[in-house]
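**Student:** pasted the sequence and its predicted model underneath.
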Protein chains: 4
Amino acid sequence: MRQEVGRRTWAIPEGYIPAESTSADPALASHETACILNASDRDANVSITLFFEDRDPVGPYRIAVPAKRTRHVRFNDLKDPEPIPRGTAYSSIIQSDVPVVVQHSRLDSRKAELALLSTLAFPAE
Amino acid sequence: MRQEVGRRTWAIPEGYIPAESTSADPALASHETACILNASDRDANVSITLFFEDRDPVGPYRIAVPAKRTRHVRFNDLKDPEPIPRGTAYSSIIQSDVPVVVQHSRLDSRKAELALLSTLAFPAE
Amino acid sequence: MRQEVGRRTWAIPEGYIPAESTSADPALASHETACILNASDRDANVSITLFFEDRDPVGPYRIAVPAKRTRHVRFNDLKDPEPIPRGTAYSSIIQSDVPVVVQHSRLDSRKAELALLSTLAFPAE
Amino acid sequence: MRQEVGRRTWAIPEGYIPAESTSADPALASHETACILNASDRDANVSITLFFEDRDPVGPYRIAVPAKRTRHVRFNDLKDPEPIPRGTAYSSIIQSDVPVVVQHSRLDSRKAELALLSTLAFPAE
């Protein structure tokens, strides 16, 4: 297999973590995820920068994705430099020092039943 | 970070604002959104043109997206030059004078539970 | 605006029209749609070819999309050369004589509540 | 029609087969699918490799997609070299010896109502 699949910069314009969930089960709590695949044989150092509607960007949030591994990063769990406010519109730019592939998903459980969305991120370079 | 991420022209073939909602909560009303990320250090002047099945295009709708900001534009809220009819198929072309990234989402609450869809817009140039 | 946005050949690997719906309202019946935007100033002649798991391709289905118009084509409504079987996996190739942009969506109402999916089609050339 | 549409390598960062379903109907059981369209006039030999968060990649899973056919592969049904664990994050790389087009979908029926997501895979080369 070709060792390196993907790009080094990705953008996700949609971002919104619902403030409520109807489920106490963590797997079914409302959440937003960036799935990052590093199919290369080198570890990836990934930085996430968040953009908001009414204030300066926040970041970087730093994530390690080892060689030949995937990492499903929950935005809900990002804490450093600061947690992401709930019920707030944001966007993200994801940068890696080796090529990766990024997909964005959301599970919304504000109602008793689930709703899902997903799309590839935009491969910027 | 590379200052400019994205393209200047984007297309969203899907467009449909359901005529009904089961929720009085604005966050849960049926709506359609274009999320526009301007990661550059220049303010973006964005124009949206709408295409319909049986009449001439309408627009431009003008949106400002400041430098290093995101804007989650609800099509429901567009008023000038005219509001978008509900329950009607449309498409949109989004043009910006600086590169941006655009993602399209819909929340459908015609039923008591939510349904979501989302995809990147098509980067035309 | 640049007059021609898009590509002449698009592919949609997913295709499946659920055999059941819980709603008698046509807007809420299970359906699958190809949204085709023709932002150019020339009328588009579009051909759809369907691919199946266990028989030869079927088509072309012919669709006209006038200049500066969109067309949200329901696969459910395609009749000529033959209707699409329900509950059957298929894929589609969409070809146009002028550049267009294509997005694929499905509304699934096999259960009382709606589920939605959508993605851009693959721009082949 | 141009005989070959697509690419030879695709990546799907999202992967997660829910451990539960509320439906005994196989069509409505929680499942994850890769829809693979081979519009060419040559049979395709497809290999799927899975990537995990905490162990080495698994594969290849081998799939045949005949010329001018589609194949909607349920990840749930992959058995050789080993079944995919439920409730576990993974990613996949899909490689073919002729160009194909790949779309990823999930039906989640952990709740009584359905949720759907879908996106094109990332065309790597």
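**Tutor:** Happy to help now that I have it.

**Student:** low-scoring stretches of chain A, by residue?
**Tutor:** A:1-3 (pLDDT under 70).

**Student:** and it, which residues reach chain C?
**Tutor:** With Cβ under 8 Å from any Cβ of the partner chain as the criterion, chain A meets chain C at residues A:113, A:115, A:119. Bear in mind the C-beta positions are built from the backbone N, C-alpha and C, glycine included.

**Student:** show me those that map onto strands.
**Tutor:** Among the residues of chain A next to chain C, the residues falling in strands (DSSP state E) are A:115, A:119.

**Student:** if you count residues, where's the longest strand of chain A?
**Tutor:** strand A:90-108.

**Student:** what strands line up against it, and which way round?
**Tutor:** When sheet partners are counted by DSSP bridges, strand A:90-108 sits next to strand A:7-12 (antiparallel), strand A:31-38 (antiparallel), strand A:44-52 (antiparallel), strand A:115-120 (antiparallel).

**Student:** make TSV out of the ones you listed and add mean neighbour count.
**Tutor:** Formatted as TSV, those follow (neighbours: other Cβ atoms under 10 Å in any protein chain shown):
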stretch	mean neighbour count
strand A:7-12	23
strand A:31-38	25
strand A:44-52	20
strand A:115-120	27
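
**Student:** returning to what we had before: just give me the closest of the residues of chain A next to chain C to chain C.
**Tutor:** Of all these, chain C sits closest to residue A:113, with 5.8 Å by Cβ to the nearest Cβ.

**Student:** residues near that closest one, how many?
**Tutor:** The tally of other residues near residue A:113 (other Cβ atoms under 10 Å in any protein chain shown) stands at 25.

**Student:** that one touches residue D:113, doesn't it?
**Tutor:** Yes. Here residue A:113 reaches residue D:113: they are 4.1 Å apart, a contact under Cβ atoms under 8 Å.

**Student:** picking that back up, chain center to the longest strand of chain A, what's the gap?
**Tutor:** How far strand A:90-108 lies from its chain's middle: 4 Å, per Cα atoms, centre = their mean, to the nearest Å.

**Student:** which parts of that strand are buried?
**Tutor:** A:90-96, A:98-108 (16 or more other Cβ atoms under 10 Å in any protein chain shown).

**Student:** same check on stretch A:54-66?
**Tutor:** Buried residues in stretch A:54-66, counted by 16+ other Cβ under 10 Å: A:57, A:58, A:59, A:60, A:61, A:63, A:65.

**Student:** give the bridge partners for the fifth one, please.
**Tutor:** In this structure, residue A:61 bridges to residue A:48 when assessed by DSSP bridges.

**Student:** residue nearest the centroid of chain A?
**Tutor:** Geometric centre of chain A, nearest residue: residue A:34, 2.6 Å, by Cα atoms, centre = their mean.

**Student:** that one reaches residue A:106, doesn't it?
**Tutor:** No. Using Cβ under 8 Å as the test, residue A:34 is too far from residue A:106 to be in contact (10.5 Å).

**Student:** residues contacting residue A:120?
**Tutor:** A:101, A:102, A:103, A:104, B:120, D:13, D:119, D:120, D:121, D:122 (Cβ atoms under 8 Å, 6 or more residues apart in numbering or on different chains).

**Student:** now do 7 Å
**Tutor:** With contact set as Cβ atoms under 7 Å, 6 or more residues apart in numbering or on different chains, residue A:120 has these partners: A:103, B:120, D:119, D:120, D:122.

**Student:** pull the contacting residues for the first one.
**Tutor:** Meaning residue A:103. Counting by Cβ under 7 Å, 6+ apart, the residues that residue A:103 touches are A:35, A:118, A:120, A:121, D:13, D:14, D:119.

**Student:** dump those to JSON lines, plus distance to residue B:49.
**Tutor:** Shown next, in JSON lines, are these (distance: Cβ to Cβ, whole Å):
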{"residue": "A:35", "distance to residue B:49": "33"}
{"residue": "A:118", "distance to residue B:49": "28"}
{"residue": "A:120", "distance to residue B:49": "25"}
{"residue": "A:121", "distance to residue B:49": "26"}
{"residue": "D:13", "distance to residue B:49": "33"}
{"residue": "D:14", "distance to residue B:49": "32"}
{"residue": "D:119", "distance to residue B:49": "26"}
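
**Student:** right, and out of the residues you listed, which lies closest to chain C?
**Tutor:** Nearest to chain C among the contacts of residue A:103, with distances taken as Cβ to the nearest Cβ, is residue D:119, at 4.8 Å.

**Student:** what's near enough to touch that closest one?
**Tutor:** A:103, A:118, A:119, A:120, B:119, C:119, D:104.
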